[in-house]
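> Any chance you could fold what I've pasted below:
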Amino acid sequence: MAESQATTAVPLAQARVITVLHYYATGPGQELHAWLAAGGACESVLLEHPFPFSNRRDAVCERRCATGVVRRVCYPRRVRFAPLRYWLDFWRTVRVVLGLPGRYDVYVGNGCFDTLPGLLLRRLGKVRRVVMYSIDYVPDAHGALIGRIYRLLDRFCCYHCDALWNLARTRMLDGRVRDGVRRERCAPQVWVPHGTHADACAARLPAEPPPWRIAFFGHVKESSGVQLFLEVMPQLRAEFPALTLDIIGGGAYLDELQRQVTAAGLHDAVTFHGFIEEHAAAERLLMQCGIGVALYRRGGGDYSAFGDPGKPKVYLACGLPVIIGDVPEVAALIQERRAGVAVRYNAQDVAAAVRSIVNDYATYRANALALAREFTWDRVFSQAWRATMENNGVCS
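From the prediction side, this is the model:
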(Lines give C-alpha, C1' and ligand atoms only; values in the text may rest on other atoms or scores of the structure.)
Protein backbone atom coordinates (compact mmCIF):
# COMPACT_ATOMS: atom_id res chain seq x y z
CA MET A 1 0.00 0.00 0.00
CA ALA A 2 1.02 3.64 -0.33
CA GLU A 3 3.86 4.94 1.81
CA SER A 4 2.68 8.56 2.00
CA GLN A 5 1.53 9.85 5.37
CA ALA A 6 -0.39 12.77 3.83
CA THR A 7 -4.06 11.79 4.23
CA THR A 8 -5.70 15.11 5.03
CA ALA A 9 -8.35 16.41 2.66
CA VAL A 10 -7.24 18.75 -0.12
CA PRO A 11 -9.88 21.24 -1.35
CA LEU A 12 -9.43 22.02 -5.03
CA ALA A 13 -9.07 25.76 -4.45
CA GLN A 14 -6.03 25.17 -2.23
CA ALA A 15 -4.41 22.44 -4.31
CA ARG A 16 -1.08 22.59 -6.12
CA VAL A 17 -0.98 19.75 -8.64
CA ILE A 18 1.64 18.41 -11.06
CA THR A 19 0.62 16.20 -14.01
CA VAL A 20 3.36 14.36 -15.93
CA LEU A 21 2.84 12.41 -19.12
CA HIS A 22 4.24 11.10 -22.38
CA TYR A 23 2.04 11.94 -25.34
CA TYR A 24 1.41 11.83 -29.06
CA ALA A 25 -1.82 13.87 -29.09
CA THR A 26 -4.19 15.40 -26.55
CA GLY A 27 -5.31 12.94 -23.89
CA PRO A 28 -6.56 12.59 -20.31
CA GLY A 29 -3.49 14.25 -18.76
CA GLN A 30 -3.96 17.47 -20.70
CA GLU A 31 -7.68 17.37 -19.94
CA LEU A 32 -6.93 17.07 -16.21
CA HIS A 33 -4.58 20.06 -16.39
CA ALA A 34 -7.27 22.13 -18.15
CA TRP A 35 -9.95 21.04 -15.66
CA LEU A 36 -7.78 21.95 -12.67
CA ALA A 37 -7.07 25.41 -14.09
CA ALA A 38 -10.71 26.03 -15.03
CA GLY A 39 -11.88 24.75 -11.63
CA GLY A 40 -9.79 27.24 -9.70
CA ALA A 41 -6.91 25.10 -8.45
CA CYS A 42 -4.24 27.17 -6.71
CA GLU A 43 -1.70 25.94 -9.27
CA SER A 44 -1.61 23.29 -12.00
CA VAL A 45 1.65 22.23 -13.63
CA LEU A 46 1.71 20.07 -16.78
CA LEU A 47 4.96 18.45 -17.91
CA GLU A 48 4.64 16.86 -21.35
CA HIS A 49 7.29 14.51 -22.74
CA PRO A 50 6.81 13.54 -26.42
CA PHE A 51 6.92 9.83 -27.12
CA PRO A 52 10.19 8.80 -28.80
CA PHE A 53 8.30 8.14 -32.07
CA SER A 54 6.66 11.59 -32.02
CA ASN A 55 7.80 14.33 -34.40
CA ARG A 56 7.60 16.89 -31.60
CA ARG A 57 11.00 18.34 -30.76
CA ASP A 58 10.52 19.65 -27.22
CA ALA A 59 9.22 18.65 -23.85
CA VAL A 60 7.04 21.42 -22.40
CA CYS A 61 6.34 22.51 -18.82
CA GLU A 62 3.28 24.74 -18.38
CA ARG A 63 2.29 26.34 -15.06
CA ARG A 64 -1.18 27.82 -14.60
CA CYS A 65 -2.03 29.74 -11.44
CA ALA A 66 -5.40 30.76 -10.02
CA THR A 67 -4.43 34.37 -10.77
CA GLY A 68 -4.47 33.53 -14.48
CA VAL A 69 -0.70 33.65 -14.91
CA VAL A 70 0.61 31.07 -17.39
CA ARG A 71 4.29 30.21 -17.76
CA ARG A 72 5.71 27.84 -20.40
CA VAL A 73 9.24 26.47 -20.67
CA CYS A 74 10.47 24.22 -23.50
CA TYR A 75 13.20 21.62 -23.13
CA PRO A 76 14.85 20.34 -26.35
CA ARG A 77 14.67 16.62 -27.00
CA ARG A 78 17.85 15.51 -28.73
CA VAL A 79 17.83 11.75 -28.10
CA ARG A 80 15.17 9.51 -29.68
CA PHE A 81 16.50 6.03 -28.81
CA ALA A 82 13.57 4.84 -26.69
CA PRO A 83 15.28 3.19 -23.65
CA LEU A 84 17.67 6.11 -23.21
CA ARG A 85 14.92 8.64 -23.92
CA TYR A 86 12.70 7.31 -21.12
CA TRP A 87 15.65 7.29 -18.72
CA LEU A 88 16.48 10.91 -19.59
CA ASP A 89 12.81 11.89 -19.26
CA PHE A 90 12.73 10.36 -15.77
CA TRP A 91 15.57 12.59 -14.62
CA ARG A 92 14.21 15.59 -16.48
CA THR A 93 10.96 15.23 -14.55
CA VAL A 94 12.83 15.08 -11.25
CA ARG A 95 14.99 18.09 -12.09
CA VAL A 96 12.10 20.21 -13.35
CA VAL A 97 9.87 19.52 -10.34
CA LEU A 98 12.68 20.08 -7.85
CA GLY A 99 13.27 23.43 -9.52
CA LEU A 100 9.70 24.59 -8.93
CA PRO A 101 8.98 26.66 -5.81
CA GLY A 102 7.35 25.12 -2.76
CA ARG A 103 5.76 21.76 -2.09
CA TYR A 104 2.99 20.24 -4.19
CA ASP A 105 -0.09 18.48 -2.86
CA VAL A 106 -0.57 15.98 -5.67
CA TYR A 107 1.61 14.45 -8.35
CA VAL A 108 -0.31 12.66 -11.13
CA GLY A 109 1.75 10.35 -13.34
CA ASN A 110 0.15 9.01 -16.51
CA GLY A 111 1.18 5.37 -16.37
CA CYS A 112 4.00 3.72 -14.46
CA PHE A 113 6.92 5.35 -16.32
CA ASP A 114 5.69 8.81 -15.35
CA THR A 115 4.61 7.77 -11.86
CA LEU A 116 8.08 6.56 -10.83
CA PRO A 117 9.58 10.10 -10.62
CA GLY A 118 6.67 11.08 -8.40
CA LEU A 119 7.49 8.33 -5.91
CA LEU A 120 11.06 9.61 -5.68
CA LEU A 121 9.85 13.20 -5.34
CA ARG A 122 7.52 12.14 -2.53
CA ARG A 123 10.46 10.52 -0.74
CA LEU A 124 12.38 13.78 -1.17
CA GLY A 125 9.47 15.72 0.35
CA LYS A 126 8.63 17.68 -2.80
CA VAL A 127 5.13 16.21 -3.23
CA ARG A 128 2.65 14.88 -0.67
CA ARG A 129 0.49 12.44 -2.68
CA VAL A 130 1.20 10.40 -5.80
CA VAL A 131 -1.59 9.25 -8.11
CA MET A 132 -0.98 6.80 -10.94
CA TYR A 133 -3.45 7.55 -13.74
CA SER A 134 -3.48 4.32 -15.75
CA ILE A 135 -4.55 5.35 -19.22
CA ASP A 136 -3.67 1.91 -20.59
CA TYR A 137 -2.32 -1.47 -19.51
CA VAL A 138 -0.49 -3.31 -22.30
CA PRO A 139 2.33 -5.45 -20.86
CA ASP A 140 2.91 -7.47 -24.04
CA ALA A 141 2.89 -4.63 -26.58
CA HIS A 142 6.66 -4.49 -27.15
CA GLY A 143 7.96 -8.00 -26.69
CA ALA A 144 8.74 -10.31 -23.77
CA LEU A 145 11.66 -8.42 -22.19
CA ILE A 146 10.10 -4.96 -22.24
CA GLY A 147 6.80 -6.51 -21.19
CA ARG A 148 8.43 -8.03 -18.10
CA ILE A 149 10.05 -4.71 -17.17
CA TYR A 150 6.75 -2.91 -17.72
CA ARG A 151 4.86 -5.35 -15.44
CA LEU A 152 7.45 -5.01 -12.67
CA LEU A 153 7.39 -1.20 -12.79
CA ASP A 154 3.59 -1.08 -12.98
CA ARG A 155 3.28 -3.46 -10.02
CA PHE A 156 5.71 -1.37 -7.97
CA CYS A 157 3.68 1.77 -8.66
CA CYS A 158 0.37 0.03 -7.86
CA TYR A 159 1.76 -0.94 -4.46
CA HIS A 160 3.41 2.39 -3.58
CA CYS A 161 1.26 5.19 -5.01
CA ASP A 162 -1.46 6.81 -2.88
CA ALA A 163 -4.30 6.29 -5.35
CA LEU A 164 -4.70 4.33 -8.57
CA TRP A 165 -6.90 5.94 -11.21
CA ASN A 166 -7.97 3.31 -13.74
CA LEU A 167 -9.41 4.26 -17.10
CA ALA A 168 -11.41 1.00 -17.26
CA ARG A 169 -13.83 0.09 -14.48
CA THR A 170 -12.71 -3.53 -13.95
CA ARG A 171 -10.46 -4.78 -16.75
CA MET A 172 -7.24 -3.00 -15.81
CA LEU A 173 -7.16 -4.46 -12.33
CA ASP A 174 -8.27 -7.86 -13.65
CA GLY A 175 -5.39 -7.80 -16.15
CA ARG A 176 -2.92 -6.91 -13.43
CA VAL A 177 -4.16 -9.67 -11.16
CA ARG A 178 -3.77 -12.10 -14.05
CA ASP A 179 -0.13 -10.95 -14.24
CA GLY A 180 0.53 -11.51 -10.54
CA VAL A 181 -0.50 -8.25 -8.87
CA ARG A 182 -2.09 -8.72 -5.43
CA ARG A 183 -5.30 -6.73 -5.09
CA GLU A 184 -4.93 -6.24 -1.35
CA ARG A 185 -1.55 -4.55 -1.76
CA CYS A 186 -2.70 -2.03 -4.36
CA ALA A 187 -3.47 1.58 -3.57
CA PRO A 188 -7.18 2.51 -3.42
CA GLN A 189 -8.79 2.20 -6.84
CA VAL A 190 -10.80 4.96 -8.53
CA TRP A 191 -12.56 4.57 -11.86
CA VAL A 192 -11.64 7.61 -13.97
CA PRO A 193 -12.88 6.87 -17.51
CA HIS A 194 -12.15 8.80 -20.67
CA GLY A 195 -14.32 11.90 -20.76
CA THR A 196 -16.02 14.03 -23.39
CA HIS A 197 -16.47 17.67 -24.40
CA ALA A 198 -20.19 17.07 -24.82
CA ASP A 199 -21.27 20.38 -23.24
CA ALA A 200 -18.89 22.45 -25.35
CA CYS A 201 -19.81 20.57 -28.54
CA ALA A 202 -23.58 20.80 -28.04
CA ALA A 203 -23.96 24.37 -29.28
CA ARG A 204 -21.97 23.66 -32.45
CA LEU A 205 -23.70 20.47 -33.61
CA PRO A 206 -25.36 20.58 -37.05
CA ALA A 207 -29.06 19.77 -37.12
CA GLU A 208 -28.89 17.00 -39.73
CA PRO A 209 -25.43 15.63 -40.55
CA PRO A 210 -25.23 13.12 -43.44
CA PRO A 211 -25.44 9.60 -41.96
CA TRP A 212 -23.43 8.12 -44.83
CA ARG A 213 -20.36 10.31 -44.16
CA ILE A 214 -18.17 7.97 -42.11
CA ALA A 215 -15.20 9.14 -40.01
CA PHE A 216 -12.08 7.61 -38.52
CA PHE A 217 -10.18 9.73 -35.99
CA GLY A 218 -6.93 8.87 -34.25
CA HIS A 219 -3.44 7.49 -34.64
CA VAL A 220 -3.41 5.52 -37.89
CA LYS A 221 -1.97 2.06 -37.17
CA GLU A 222 -2.65 -1.38 -38.56
CA SER A 223 -4.44 -2.22 -35.31
CA SER A 224 -6.83 0.70 -35.88
CA GLY A 225 -8.80 -1.42 -38.35
CA VAL A 226 -9.40 1.26 -40.99
CA GLN A 227 -8.35 -1.23 -43.68
CA LEU A 228 -11.35 -3.41 -42.82
CA PHE A 229 -13.75 -0.55 -43.47
CA LEU A 230 -12.03 0.16 -46.79
CA GLU A 231 -12.58 -3.49 -47.73
CA VAL A 232 -16.31 -3.20 -47.22
CA MET A 233 -16.73 0.26 -48.81
CA PRO A 234 -17.37 -0.90 -52.41
CA GLN A 235 -20.22 -3.10 -51.19
CA LEU A 236 -21.69 -0.32 -49.07
CA ARG A 237 -21.40 2.25 -51.86
CA ALA A 238 -23.52 -0.01 -54.04
CA GLU A 239 -26.28 0.44 -51.46
CA PHE A 240 -25.46 4.01 -50.39
CA PRO A 241 -23.81 5.76 -53.37
CA ALA A 242 -23.08 8.91 -51.33
CA LEU A 243 -21.13 6.99 -48.65
CA THR A 244 -17.65 8.45 -47.97
CA LEU A 245 -14.84 8.05 -45.43
CA ASP A 246 -12.86 10.84 -43.72
CA ILE A 247 -9.56 9.66 -42.19
CA ILE A 248 -8.41 12.18 -39.58
CA GLY A 249 -4.99 11.43 -38.14
CA GLY A 250 -1.41 10.55 -38.96
CA GLY A 251 0.73 7.47 -38.58
CA ALA A 252 3.03 5.01 -40.26
CA TYR A 253 0.14 2.98 -41.71
CA LEU A 254 -1.18 5.85 -43.86
CA ASP A 255 0.86 4.80 -46.89
CA GLU A 256 -0.65 1.32 -46.82
CA LEU A 257 -4.18 2.75 -46.60
CA GLN A 258 -3.49 5.06 -49.54
CA ARG A 259 -2.34 2.05 -51.59
CA GLN A 260 -5.52 0.23 -50.64
CA VAL A 261 -7.65 3.20 -51.70
CA THR A 262 -5.87 3.33 -55.06
CA ALA A 263 -6.28 -0.41 -55.66
CA ALA A 264 -10.01 -0.23 -54.86
CA GLY A 265 -10.62 2.90 -56.96
CA LEU A 266 -11.97 4.83 -53.98
CA HIS A 267 -10.21 8.17 -54.61
CA ASP A 268 -13.51 10.03 -54.89
CA ALA A 269 -14.84 8.51 -51.67
CA VAL A 270 -11.92 8.72 -49.19
CA THR A 271 -10.35 11.91 -47.84
CA PHE A 272 -7.07 11.88 -45.88
CA HIS A 273 -6.95 14.92 -43.59
CA GLY A 274 -3.71 14.05 -41.79
CA PHE A 275 -2.93 14.86 -38.17
CA ILE A 276 -4.87 17.85 -36.82
CA GLU A 277 -3.02 19.49 -33.92
CA GLU A 278 -5.92 21.39 -32.40
CA HIS A 279 -8.44 19.01 -30.85
CA ALA A 280 -11.32 21.48 -31.24
CA ALA A 281 -10.62 21.68 -34.98
CA ALA A 282 -10.80 17.89 -35.24
CA GLU A 283 -14.11 17.96 -33.36
CA ARG A 284 -15.52 20.54 -35.79
CA LEU A 285 -14.68 18.26 -38.69
CA LEU A 286 -16.15 15.21 -36.97
CA MET A 287 -19.42 17.05 -36.33
CA GLN A 288 -19.92 17.27 -40.09
CA CYS A 289 -19.80 13.46 -40.32
CA GLY A 290 -22.49 10.91 -39.49
CA ILE A 291 -20.90 7.75 -38.07
CA GLY A 292 -17.57 7.03 -36.35
CA VAL A 293 -15.62 3.79 -36.74
CA ALA A 294 -13.35 2.24 -34.11
CA LEU A 295 -12.66 -1.27 -35.36
CA TYR A 296 -10.53 -2.77 -32.62
CA ARG A 297 -9.51 -6.40 -32.92
CA ARG A 298 -8.26 -8.91 -30.40
CA GLY A 299 -4.60 -9.81 -30.17
CA GLY A 300 -1.33 -9.29 -28.32
CA GLY A 301 -0.30 -5.71 -27.85
CA ASP A 302 -3.84 -4.37 -28.18
CA TYR A 303 -4.25 -1.09 -26.29
CA SER A 304 -8.05 -1.23 -26.06
CA ALA A 305 -8.66 -4.57 -24.34
CA PHE A 306 -7.78 -3.35 -20.82
CA GLY A 307 -8.44 0.36 -21.30
CA ASP A 308 -11.06 2.91 -22.28
CA PRO A 309 -10.00 4.27 -25.67
CA GLY A 310 -10.75 7.94 -26.24
CA LYS A 311 -11.90 7.70 -29.84
CA PRO A 312 -15.44 6.40 -29.13
CA LYS A 313 -16.06 9.13 -26.53
CA VAL A 314 -14.95 11.83 -29.00
CA TYR A 315 -17.36 10.42 -31.58
CA LEU A 316 -20.25 10.37 -29.10
CA ALA A 317 -19.69 14.00 -28.06
CA CYS A 318 -19.70 15.03 -31.74
CA GLY A 319 -23.04 13.30 -32.28
CA LEU A 320 -21.64 10.27 -34.13
CA PRO A 321 -23.05 6.83 -33.40
CA VAL A 322 -20.11 4.42 -33.15
CA ILE A 323 -19.33 1.21 -34.99
CA ILE A 324 -16.95 -0.30 -32.46
CA GLY A 325 -14.99 -3.53 -32.29
CA ASP A 326 -16.25 -5.69 -29.42
CA VAL A 327 -12.89 -5.55 -27.59
CA PRO A 328 -12.89 -2.63 -25.09
CA GLU A 329 -15.09 -2.49 -22.03
CA VAL A 330 -17.05 0.50 -23.38
CA ALA A 331 -18.25 -1.47 -26.44
CA ALA A 332 -20.86 -3.31 -24.37
CA LEU A 333 -22.18 -0.02 -22.98
CA ILE A 334 -22.44 1.54 -26.45
CA GLN A 335 -24.31 -1.53 -27.71
CA GLU A 336 -26.61 -1.63 -24.67
CA ARG A 337 -27.52 2.05 -24.97
CA ARG A 338 -27.97 1.87 -28.76
CA ALA A 339 -25.43 4.67 -29.16
CA GLY A 340 -23.80 2.54 -31.84
CA VAL A 341 -23.17 -1.09 -32.71
CA ALA A 342 -20.51 -3.43 -31.33
CA VAL A 343 -19.11 -5.73 -34.02
CA ARG A 344 -16.74 -8.61 -34.48
CA TYR A 345 -13.75 -7.90 -36.69
CA ASN A 346 -15.25 -8.96 -40.01
CA ALA A 347 -16.70 -7.26 -43.06
CA GLN A 348 -20.20 -8.72 -42.69
CA ASP A 349 -20.66 -7.30 -39.19
CA VAL A 350 -19.37 -3.88 -40.24
CA ALA A 351 -21.69 -3.70 -43.26
CA ALA A 352 -24.67 -4.76 -41.15
CA ALA A 353 -23.83 -2.12 -38.53
CA VAL A 354 -23.77 0.65 -41.14
CA ARG A 355 -27.19 -0.45 -42.42
CA SER A 356 -28.67 -0.58 -38.90
CA ILE A 357 -27.49 2.91 -37.99
CA VAL A 358 -28.37 4.59 -41.30
CA ASN A 359 -31.87 3.11 -41.24
CA ASP A 360 -32.60 4.44 -37.72
CA TYR A 361 -30.18 7.32 -37.63
CA ALA A 362 -32.14 9.82 -35.53
CA THR A 363 -32.48 7.34 -32.66
CA TYR A 364 -28.83 6.29 -32.70
CA ARG A 365 -27.63 9.91 -32.82
CA ALA A 366 -29.86 10.98 -29.91
CA ASN A 367 -28.61 8.05 -27.86
CA ALA A 368 -24.98 8.87 -28.69
CA LEU A 369 -25.38 12.44 -27.47
CA ALA A 370 -27.16 11.33 -24.30
CA LEU A 371 -24.40 8.88 -23.44
CA ALA A 372 -21.71 11.49 -24.10
CA ARG A 373 -23.30 13.85 -21.56
CA GLU A 374 -22.82 11.23 -18.84
CA PHE A 375 -19.04 11.32 -19.33
CA THR A 376 -18.13 15.00 -19.50
CA TRP A 377 -14.60 15.69 -18.27
CA ASP A 378 -16.00 17.91 -15.52
CA ARG A 379 -18.15 15.09 -14.17
CA VAL A 380 -15.35 12.52 -14.49
CA PHE A 381 -12.70 14.61 -12.72
CA SER A 382 -15.04 16.07 -10.10
CA GLN A 383 -15.96 12.58 -8.95
CA ALA A 384 -12.34 11.43 -9.02
CA TRP A 385 -11.16 14.45 -7.03
CA ARG A 386 -13.79 13.99 -4.34
CA ALA A 387 -13.03 10.28 -4.04
CA THR A 388 -9.26 10.75 -3.90
CA MET A 389 -8.48 14.15 -2.41
CA GLU A 390 -11.41 15.27 -0.30
CA ASN A 391 -12.48 12.05 1.43
CA ASN A 392 -9.29 11.44 3.39
CA GLY A 393 -8.08 8.90 0.88
CA VAL A 394 -11.32 6.90 0.80
CA CYS A 395 -11.80 5.93 -2.83
CA SER A 396 -14.69 4.30 -4.64
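
> How about residues contacting the strand or helix carrying A366?
Per DSSP states H and E, A366 falls inside helix 361-373. With contact meaning Cβ atoms under 8 Å, 6 or more residues apart in numbering, helix 361-373 is reached by 196, 198-199, 201-202, 205, 209, 211, 290, 313, 315-317, 319-322, 333-334, 337-340, 357. Where you see a C-beta, it was placed from the backbone N, CA and C, and this is true even at glycine.

> Can you flag which of the residues you listed belong to helices?
198-199, 201-202, 313, 315-317, 333-334, 357 (DSSP state H).

> Nearest to V261, out of the residues you listed: which one, please.
Y315 (21.8 Å; Cβ to Cβ).

> need the contact list for that closest one.
Residues near Y315 by Cβ under 8 Å, 6+ apart: 215, 217, 286, 292, 294, 321-322, 340, 368.

> what's the distance between it and R129?
Note on Y315: its distance to R129, by Cβ to Cβ, to the nearest Å, is 34 Å.

> How about A168?
If you go by Cβ to Cβ, the gap between A168 and R129 works out to 22 Å.

> Same check on L21?
According to Cβ to Cβ, L21 stands 17 Å off from R129.

> Would you mind listing where the protein has pLDDT under the threshold?
For the chain, applying pLDDT under 70 flags the ranges 1-8, 141-142, 299-303, 390-396.

> All the strands of it, residue numbers only.
Per DSSP state E, the chain carries strands over the ranges 16-23, 43-50, 58-65, 70-76, 104-110, 127-134, 163-166, 189-191, 213-217, 244-248, 270-274, 291-294, 322-325, 340-343.

> what's near enough to touch A305?
A305 makes contact with 171, 175, 296, 298, 327-328, according to Cβ under 8 Å, 6+ apart.

> Can you say which two of those are spatially most distant?
Maximum pairwise distance in those, criterion Cβ to Cβ, is 15.5 Å, between G175 and Y296.

> Enumerate every residue touching G249.
Contacts of G249 by Cβ under 8 Å, 6+ apart are 216-220, 273-276.

> Now which of the residues you listed would you call buried?
For the contacts of G249, a burial check counting by 16 or more other Cβ atoms under 10 Å picks out 216-220, 273, 275-276.

> Could I get the buried residue list for the helix holding A366?
Residues of helix 361-373 classed as buried by neighbour count (16+ other Cβ under 10 Å): 361, 364-365, 367-369, 371-372.

> And those, which is closest to L120?
Nearest to L120 among the buried residues of helix 361-373: A372, at 38.5 Å, using Cβ to Cβ.

> Next one: that closest one from V17, what distance?
Going from A372 to V17 by Cβ to Cβ gives 26 Å.

> before we move on, what about A200?
Separation of A200 from V17 (Cβ to Cβ): 22 Å.

> what about Y253, distance to S224?
As judged by Cβ to Cβ, Y253 and S224 stand 7 Å apart.

> hang on, the earlier thing: mind putting the buried residues of helix 361-373 into JSON lines with distance to A269?
Formatted as JSON lines, the buried residues of helix 361-373 follow (distance: Cβ to Cβ, whole Å):
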{"residue": "Y361", "distance to A269": "19"}
{"residue": "Y364", "distance to A269": "22"}
{"residue": "R365", "distance to A269": "22"}
{"residue": "N367", "distance to A269": "27"}
{"residue": "A368", "distance to A269": "24"}
{"residue": "L369", "distance to A269": "27"}
{"residue": "L371", "distance to A269": "29"}
{"residue": "A372", "distance to A269": "28"}
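
> picking up where we left off before, need the buried ones from the contacts of helix 361-373 selected in ChimeraX.
To isolate the buried subset of the contacts of helix 361-373 in ChimeraX, counting by 16+ other Cβ under 10 Å, use the following:
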select :196,198,201,209,211,290,313,315,316,317,319,320,321,322,333,334,338,339,340,357
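
> ok, the nearest residue to E43 once chain neighbours are set aside - how many residues close by?
Excluding its sequence neighbours, the residue lying closest to E43 (Cβ to Cβ, 6 or more residues apart in numbering) is R16, at 4.4 Å. A count of neighbours around R16, defined by other Cβ atoms under 10 Å, yields 22.

> go on, G147?
Counted with other Cβ under 10 Å, G147 comes out at 17.

> ditto for R151
Using other Cβ under 10 Å, R151 is surrounded by 19 other residues.

> residues in contact with the nearest residue to it once chain neighbours are set aside?
The shortest distance from R151 to any non-neighbouring residue, by Cβ to Cβ, 6+ apart, is to P139 (4.8 Å). By Cβ under 8 Å, 6+ apart, the contact list for P139 reads 147, 150-151, 154, 175, 179.

> What of V358?
Shown in contact with V358 (Cβ under 8 Å, 6+ apart): 211-212, 240, 290-291.

> Quick one: residues contacting the nearest residue to D326 once chain neighbours are set aside.
Spatial nearest neighbour of D326, chain neighbours left out: A342 (4.4 Å); criterion: Cβ to Cβ, 6+ apart. By Cβ under 8 Å, 6+ apart, the contact set of A342 is 324-326, 331-332, 334-335.

> ok, now with 6 Å
Contacts here follow Cβ atoms under 6 Å, 6 or more residues apart in numbering; on that basis A342 touches 324, 326, 331, 335.

> for V226, same thing?
Going by Cβ under 6 Å, 6+ apart, V226 touches 216, 257.

> Now with 7 Å, please.
Contacts here follow Cβ atoms under 7 Å, 6 or more residues apart in numbering; on that basis V226 touches 216, 220, 247, 257.

> from these, which single one is nearest T115?
Set against T115, the nearest of these by Cβ to Cβ is V220 (28.6 Å).

> Could you pull up phi and psi at the closest one?
For V220, the backbone dihedrals (degrees, to the nearest 10) come out as phi -80, psi 100.
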